[in-house]
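> kindly return the folded structure for what I paste below:
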Amino acid sequence: MTTSIHAETLSLPASRLGRPSNVPRFRWQQPIPDTETPPNFGLSADESSHGFSWGKDSILPYQVSDDYDRDLKPGTLEVLVIENARLRAVIAPSLGGRLLELKDLSTGRDLVFRNPVLQPANLASLNAWFSGGIEWNGLIPGHTPFTCAPVFAGVRETPRGPVLRLYEFDRIVEATWQIDLFLPADSAVLFAHGRIVNPSDTARLAYWWTNVAVPMTPGTRVLSPADYSIEHIWPGNNLGRCDFPRDDWDASYPQNWENATSVFFRAPSAPRLFIASIDRDGYGLEQCSTREMPGRKFFYFGSGAGGQNWMDYLSRPGEGNYLEIQSGMTPTQNQRFELGAHEEREWTEAFTPLQLDATAHDPDYRAATTHAANAIARAIPADELAQVDAFLAEQARLPLDVRHSAGERWGAREERLIGKTLAAGLDFSVDGANDFWDDLARGAAIAASNLRDMPDGVALSPRWIERLKANAPTWLGELTLATAALDRNDRQAAREHVAQSLALKPSWAAYRLEALLANDAGDASSSYLRAWNASDAPPELAVEIAQYFVTTRLSGELKAFVDGLPAHIRANERIILARAAVAANDGDFDELERLLFDRPFATIREGETLLSDLWIRLRRGRLEAQLKRPATVDEIKADLKTHPVPRALNLRMHEIEET
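Down below sits the predicted model:
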């Protein structure tokens, strides 16, 4: 049977996913704290090169996506399907090009974890993320900024069959990425050819990991060549070299890990790198690649209560259990790689079903990986992978025959700004009316109609800033210059640009920056309130203001502010949680308990313990009211054993003592 690519409409329950926020989030407002580079224990130079600390880098100019809920309703999703007689792959261009389903048609089994629902949660660099399938993660660290955003997608017809292309322009690295999916006729191997293009005259640091969610069932094992592993050594979340396999317990079975864990497999001299997840019967999915991808890893939420709750939270109770097998361009995920000036980095991955015999579960881990390696060599011979890689490299620079979906307009704007094509074969044109950014990119005078309201998004790169400074001052231009200055922590320049923007036209966005720049809590409060009372202030600004009042312990101001909000904004879960924190501080435990169970919370961050911490404060308050004195540590522990954190509030990534 030949391979076909066609569009379908997928029906599935889905939670509402609103538009990205138009409130810029700065470095210190990101959920991962800015920390010093953690020490690495026993890592080689290759395993430490271009290392970074999470939370150091700004996510601007990207927009946070935090407007979603947990109200699943019948929904539809437009997808593209590539299939032949042996495999069926379903791809969602509107969700970062996520491969949602990869079905082995000979068995009818799903090779990847196919989430039965679309439920966003707060795990990505830009907040909203969902579990399942294969995710293409680049070019900045973490889950891709396009994970809940549309990307470009289309088909190229080739002499060997159709190729499905996914691509976009990364606005931080200022480079393009693409994935060309190829399923040869009558083949059970899906190939994914990646290509990253740096159009700049200067080198960049980039990032790439392909994350594959696979079904997790009792007895599932992960096999990958390993002389040793690199793992996060707690406490401190430091990376360190560890023995793998272990002498005392088998770490290749994810179910043996209680806490959320990441295991990076290291076998630098192995003739061929791969990673496979196989069930207790030896059936599963394997991934291998060309040599450009030295990194292999598995991630599991853990067998503890918090991790198990997370997987249900991302899906439906009892249906969300999965683990991730991953491949990357660096040995660990705490590293970037250098992309030279005008360099094009390419690689090819291959995914195929795998059926192993009982040797797959041999207690001798190396015997099991050797057995898997032999099976993979038969399924995907090295010379076949090299030949397909060369073929797809030829196709990667050729244009599409038909385009099915469009991404954002920033790639086309960048091409206008720099006056050249970003990457051969990639068309970034998007239909739509011009706005402030389009005028600026073309070097044209800003149309009066494009200065009336806030445009969608922000642009802060040096080229955009140069273009802004070359134009006549406008309130939007000064606002953008202020945002850029504050993001690089030049607070004096930011204050000057804010003042100029407000002088040209008062706006909620400028008053909000004025609040962030204030040295006095009273000044910040008054600026925040001016921002909220300005026209067109977005609902997410109210959340920031409420959180500010909590942080500064201005309980009276918070209560007055919240009481004046419209009902639909007052019901925002982050405002409810702000009220809960104040109730805990004020010792109003009846109100705290009511607020904790007011609704299901949708935007709790991965690793965030706010809900369980508030429960612990509630139980301590109840206990001390009963004792009529401060409780001892042992008394608090005993109470928490009797009244453990309720399942709905327990999203801890690590099982720790509740003290």
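> what does stretch 300-308 contact?
Contact with stretch 300-308 is made by 216, 254-261, 310-311, 321, 323-324, 647, 650-655, as judged by C-beta atoms under 8 Å, 6 or more residues apart in numbering. To be clear about C-beta, it is placed using only N, CA and C from the backbone, and glycine gets the same treatment.
> again, but for stretch 369-388
Contacts to stretch 369-388, defined as C-beta under 8 Å, 6+ apart, come from residues 182, 184, 188-189, 191, 223-226, 272, 274, 276, 278, 286, 288, 290, 348, 350, 352, 354-357, 359-360, 362.
> same deal with stretch 431-440?
Residues contacting stretch 431-440 (C-beta under 8 Å, 6+ apart): 406, 409, 413, 416, 445-447, 450-451, 455-457, 459, 464, 467-468, 471, 476.
> run the chain-centre distance for stretch 343-358.
How far stretch 343-358 lies from its chain's middle: 22 Å, per C-alpha atoms, centre = their mean, to the nearest Å.
> contacting residues around Glu324?
Neighbouring residues of Glu324 by C-beta under 8 Å, 6+ apart: 211-214, 297-300.
> report the beta-bridge partners for it.
Note on Glu324: beta-bridge partners Ala213, Phe299, judged by DSSP bridges.
> quick revisit: please narrow the contacts of stretch 369-388 to those residing in strands.
Counting by DSSP state E, the members of these that fall within strands are 182, 191, 223, 274, 276, 278, 286, 288, 348, 350, 352, 354-355.
> buried among those? Make that a PyMOL selection.
To isolate in PyMOL the members of the ones in strands among the contacts of stretch 369-388 that are buried, counting by 16 or more other C-beta atoms under 10 Å, one can use:
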select buried, resi 182+191+223+274+276+278+286+288+348+350+352+354
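> and which of the ones in strands among the contacts of stretch 369-388 is nearest to Leu60?
Among the ones in strands among the contacts of stretch 369-388, Thr348 lies closest to Leu60 (C-beta to C-beta), at 33.0 Å.
> wait, that closest one touches Thr290, no?
Yes. Contact criterion C-beta atoms under 8 Å: Thr348 and Thr290 qualify, at 5.1 Å.
> wait, Met95 touches Ser131, no?
You called it Met, but residue 95 is Leu. No. Taking C-beta under 8 Å as the definition, Leu95 is not a contact partner of Ser131, at 11.9 Å.
> overlap in contacts of Thr348 and Thr290?
Taking C-beta under 8 Å, 6+ apart as the contact criterion, the residues that touch both Thr348 and Thr290 are 385, 389.
> picking up where we left off before, can you turn the buried part of the contacts of stretch 300-308 into a PyMOL selection?
Buried residues within the contacts of stretch 300-308, as defined by 16+ other C-beta under 10 Å, are selected in PyMOL through the command that follows:
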select buried, resi 216+254+255+257+259+260+261+310+311+321+323+324+650+651+652+653+654+655
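> hmm, back to that, now the buried members of the contacts of stretch 431-440.
So, of the contacts of stretch 431-440, 406, 409, 413, 416, 446, 450-451, 455, 457, 459, 464, 467-468, 476 end up buried under the neighbour-count rule (16+ other C-beta under 10 Å).
> could these go into CSV alongside secondary structure?
What follows is those, written out as CSV (DSSP: H, G, I helix; E, B strand; the rest coil):
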residue, secondary structure
Ala406, coil
Arg409, coil
Arg413, helix
Arg416, helix
Ile446, coil
Asn450, helix
Leu451, helix
Pro455, coil
Gly457, coil
Ala459, coil
Trp464, helix
Arg467, helix
Leu468, helix
Leu476, helix
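> helices along the stretch 501-650 of the chain, start to end?
Read by DSSP state H, counting those that start in this stretch, the stretch 501-650 of the chain holds these helices, from start to end of the chain: 508-517, 521-533, 539-551, 555-563, 567-570, 573-586, 589-596, 610-627, 633-642.
> pick the most deeply packed of the ones you listed.
Stretch with highest mean neighbour count among those: helix 508-517 (a mean of 24; mean count of other C-beta atoms under 10 Å).
> list of residues touching that helix?
Around helix 508-517, the neighbours that count as contacts under C-beta under 8 Å, 6+ apart are 23, 26, 454, 475, 479, 482-483, 486, 491, 494-495, 498, 501-502, 523-525, 527-528, 530-532, 534-538, 541, 544, 548.
> sweet, I'm off.
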